[in-house]
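[1] build me a model from this:
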Amino acid sequence: MIAASTATEVKRETRIGDLGERFLTSKTKIAPRTLADYTRIVRNVIVPRIGDLAVSEAGPDRLQRFLDVVAAESGPGAAKTARAVLSGMMGVAARAEAVHGNPVRELERTESSGAHGSIAIPLGELPGILDRVRADTRLVDIDLVDLIVFLAGTGVRISEGCALAWPDVDLDAGVVEIRKSKTNAGKRRIRVSSTVVAMLMARRVRGGPNDDGVVFPTVLGRARDPRAAAREWADARERLGLPARYTFHAFRKTMATLLDQAGLTARDIAEYLGHTNPALTQTVYMSKTVGGTRAADAVDSILTK
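    Numbering: from 1, shown residues only. Here you go, the predicted structure:
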């Protein structure tokens, strides 16, 4: 396999620039746009600054100084993405035993400027984000991909998604009923897109261990803890180079934007998201932009690869 042969060629004296190219060659199962992003970071950000370093010289102190420069010159978002790519590169070196462990794991987390709350994800970014989610080995292994797609495609709270049970899913009608919510207004029936329905159908057919009859159990068949899922998503954002503010709650704000663009009223959106006060939806959740399509078509266009 390409990935295996790439890893065995890496040695202590291998240059970071060469390691970057080997890393890119190994990424045979990721979406083209993600590979293009990785290629840009390797060739335009990493190689010009530290490409001549030997792998053995790329210790935590040196890599931290590099990321500090990137953050100062291009902002914390660029530094986060560069860190994620560097982590993948040094992971290749670690698996080849060219270094003892991945030094990127010892680096400081890059903090975003501004408020620490979640923000609506620009609709144009969602397809690429979901491509990365589907290609992430860890998210696949812990069976978190479908839940993330469900949250992105419905805007439900993470606690609501984790508690969703199969008796509350009507695949024929394309409707799910949220019974367990933090408010009375949160108990609602919502129509979901055909893409979400298809994902749920495939999941239903696939089956697997499921002690509590929930739609998104852990791989051991137990009800999923929302806090544990949130921690896994935080780790995934770090790996994928996504902003820290793209939390699970960001999907709710993104859905409010999507429904607003589709022409729904503030009251309709509030009912869909399970809010008691439409003003909350308008002031906190909607991120106003120009344009609009019908909700189902818009969701399908985002979730379809």
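[2] quick one: Phe23 and Gly88 touch, right?
    Yes - with contact defined as C-beta atoms under 8 Å, Phe23 counts as touching Gly88 (5.7 Å). The C-beta positions use only the backbone N, C-alpha and C, and glycine is treated the same way.
[3] any shared contact partners between these two?
    Here Phe23 and Gly88 share the contacting residues Tyr38, scored by C-beta atoms under 8 Å, 6 or more residues apart in numbering.
[4] show me which of the two is the more surrounded one.
    Remark: of Phe23 and Gly88, Phe23 carries more neighbours, 26 against 21, as counted by other C-beta atoms under 10 Å.
[5] and that one, how far from Leu147?
    Taking C-beta to C-beta, to the nearest Å as the measure, Phe23 falls 29 Å from Leu147.
[6] same check, this time on Arg191
    19 Å.
[7] who has more neighbours, those two?
    A direct count of neighbours by other C-beta under 10 Å for Arg191 and Leu147 places Leu147 higher, at 24 against 15.
[8] check contacts around that one.
    Listed by C-beta under 8 Å, 6+ apart, the contact partners of Leu147 are Gly161, Cys162, Phe216, Arg224, Ala229.
[9] one more time with 10 Å, if that's ok
    Counting by C-beta atoms under 10 Å, 6 or more residues apart in numbering, Leu147 makes contact with 139, 158, 161-162, 164, 203, 215-217, 224, 229, 232-233, 248.
[10] over to Val10?
    Counting by C-beta under 10 Å, 6+ apart, Val10 touches 18-19, 22-23, 55, 89-90, 92-99.
[11] please name the nearest non-neighbouring residue to it.
    Spatial nearest neighbour of Val10, excluding adjacent residues (C-beta to C-beta, 6 or more residues apart in numbering): Ala96 at 4.0 Å.
[12] hmm, that neighbour is touching Phe23, no?
    No - the criterion here is C-beta atoms under 10 Å, and Ala96 misses it with Phe23 at 11.3 Å.
[13] how far away is the residue nearest to Gly17 when sequence neighbours are not counted from Arg65?
    Spatial nearest neighbour of Gly17, excluding adjacent residues (C-beta to C-beta, 6+ apart): Gly51 at 3.4 Å. Here Gly51 is placed at a distance of 15 Å from Arg65 (C-beta to C-beta).
[14] of the two, who's got more company?
    Neighbour count, other C-beta under 10 Å: between Gly51 and Arg65, Gly51 has more, with 16 against 12.
[15] for the more buried one, what are its contacts?
    Residues near Gly51 by C-beta under 10 Å, 6+ apart: Arg15, Ile16, Gly17, Asp18, Leu19, Gly20, Glu21, Val42, Arg43.
[16] most neighbours among those residues, please name it.
    Of all the contacts of Gly51, the highest neighbour tally under other C-beta under 10 Å goes to Leu19, namely 29 neighbours.
[17] what's the distance between that one and Ala163?
    From Leu19 to Ala163 the distance is 44 Å (C-beta to C-beta).
[18] Gly221 too?
    Here Gly221 is placed at a distance of 15 Å from Ala163 (C-beta to C-beta).
[19] so between those two, which is more surrounded?
    In this view Gly221 and Ala163 are compared by other C-beta under 10 Å, and Ala163 has more residues nearby, 21 against 12.
[20] excluding covalently adjacent residues, which one is nearest to that one?
    Using C-beta to C-beta, 6+ apart and skipping the chain neighbours, the partner closest in space to Ala163 is Lys180 (4.0 Å).
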